[in-house]
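A.B. asks: would you be able to build a 3D model of this:
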Amino acid sequence: MPIRIPDALPAAQVLQGENIFVMTETRAIHQDIRPMEVLLLNLMPKKIDTENQILRLLANTPLQVNIRLLRIDARGSRNTPQSHLERFYCDFEDIRGQNFDGLIITGAPLGQVPFEEVHYWDAIRTIIDWSREHVTSTLFLCWAAQAALKHLYGLEKKTLATKLSGVFEHRTLAKANPLVRGFDDHFLAPLSRFADFDRALIEAQTDLQVLADHPQAGVYLAATSDLRQIYVTGHPEYDAGTLDQEYQRDLAAGLAPELPCNYYPGDDPAQPPRARWRSHASLLYSNWLNYCVYQLTPYDLREMLPKETEVRAAS
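C.D. replies: So this is what the prediction gives:
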C-alpha cells in the first residue's frame, strides 16, 4: 500500500524514482479507505533529507499513511529553505486539538546541550504531554528518546566524553514482543549520539521493557507495555552516507571526531560506506505501524484510546 504525501513535496519525486509506491493527495481523496494519520515532528537540521529517509520507511508497509509535517522552532533554518517550511509544515497550535494514530519525533543535534538550554525545551515537553492524550503510539528517535526519558521519568542526561558513532550489532531481547517480530537474533543499526542509555538504569527507574541492546552501546529499543511509547536510541532511517556526512562535517569544523565504528569498508574513510541496516529499519517501522498503531487505534480518531499506563518517575 502507498504512503500519502502532498503532491509537491520533494520526497514524492525522490521516492517515485526509487519505485516506492507513493500516492499523492489528489489521487488519495478518491479512495474510500481511512489512512493512518501520522504526525512527523522533524527536529533535524536537514529536514528534507530526514523527510525522505523516514517517508521511505513508512512507505514500505501495506497500510496507507497520511503524513503531516510539524515544526517546533519558528526561527529561520540554515539547512532548509524557508519556503519549504512555510509550504509543508504546520505549527503545534494548528493541530493541538486533533488526534493522530502515530507520532514520530526525530533526533536533533543537541547531545551536548543541557535540556534547559534547548530553545524549544518547554515546547517539546508540552508536545510529549499532549501526545499521551492525542496519539495512539509515539516513536521517539535518538535525542527525542533522551528528552522523553528526562521529562516522563526524570532520568538525567548522561553525556559520553566522545560521540558514539557507527554501525553496531544489537541483540534482540524480548522476541515475543510484536515490535521486534521477525527480527534476527542480532541486527545492525547506526548510532550517532553523545547520550548514554544505560540498560540497568532504565530498567531500574522506568516501567519500560528493553527490547534490544548492545553490550557497550546500551539500550537501542525500549517500549511501554501498551506500546503507546516507543524509544529508539539510534537512527535506523539513515542513508548509507549520512554518518559519513556527519564525520566529514565534524572534521571540517576541527572537532577531531573518531572514525565511525564498523562503518567504512576496512575502516578506510576513502571507501564508500554501504548500508547494512535497511531490512531491520523497514521491519521496525512496519511492525510499529501494524502492531502499535493500526491494531490499537480507533477507526474514529475522536474516540482516542485512554492511557493504559502511567509513567513511573525516578525516585
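A.B. asks: contacts and neighbour counts: CA atoms only from here.
C.D. replies: OK.
A.B. asks: can you tell me the SS state at Ile127?
C.D. replies: Taken by DSSP: H, G, I helix; E, B strand; the rest coil, the conformation at Ile127 corresponds to helix.
A.B. asks: could you list the residues in contact with the helix or strand where Ser83 lies?
C.D. replies: Counting by DSSP states H and E, the element that carries Ser83 is helix 82-88. With CA atoms under 8 Å, 6 or more residues apart in numbering as the test, helix 82-88 has contacts from 6, 9, 69, 76.
A.B. asks: for the residues you listed, give me a markdown table that also has neighbour count, secondary structure and distance to Gln16.
C.D. replies: What follows is these, written out as a markdown table (neighbours: other CA atoms under 10 Å; DSSP: H, G, I helix; E, B strand; the rest coil; distance: CA to CA, whole Å):
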| residue | neighbour count | secondary structure | distance to Gln16 |
| --- | --- | --- | --- |
| Pro6 | 17 | coil | 13 |
| Leu9 | 16 | coil | 12 |
| Leu69 | 17 | strand | 19 |
| Gly76 | 10 | coil | 29 |
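A.B. asks: just the helices in the stretch 51-200 of the chain please.
C.D. replies: Secondary structure of the stretch 51-200 of the chain (DSSP state H, counting those that start in this stretch): helices located at 82-88, 92-95, 121-134, 143-153, 199-205.
A.B. asks: just name the most buried of the ones you listed.
C.D. replies: helix 143-153 (a mean of 21; mean count of other CA atoms under 10 Å).
A.B. asks: which strand or helix spans the residue nearest to Ala223 when sequence neighbours are not counted?
C.D. replies: Spatial nearest neighbour of Ala223, excluding adjacent residues (CA to CA, 6 or more residues apart in numbering): Ile230 at 4.5 Å. Secondary structure from DSSP H and E places Ile230 in strand 229-232.
A.B. asks: how about the CA coordinates for the helix holding Ser83, as CSV?
C.D. replies: Provided in CSV are the C-alpha atoms of helix 82-88 (Å, rounded to 0.1, in the frame of the first residue of the first chain):
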residue,chain,number,x,y,z
GLN,A,82,12.0,28.8,4.4
SER,A,83,9.7,28.4,1.5
HIS,A,84,9.7,24.6,2.1
LEU,A,85,8.9,25.1,5.8
GLU,A,86,6.1,27.5,5.1
ARG,A,87,4.5,25.4,2.5
PHE,A,88,4.7,21.9,4.0
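A.B. asks: before we move on, the earlier item: dump the contacts of helix 82-88 into a markdown table; add distance to Leu179 and pLDDT as well.
C.D. replies: Output for the contacts of helix 82-88, formatted as a markdown table (distance: CA to CA, whole Å; pLDDT from 0 to 100):
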| residue | distance to Leu179 | pLDDT |
| --- | --- | --- |
| Pro6 | 29 | 81 |
| Leu9 | 30 | 85 |
| Leu69 | 24 | 97 |
| Gly76 | 37 | 75 |
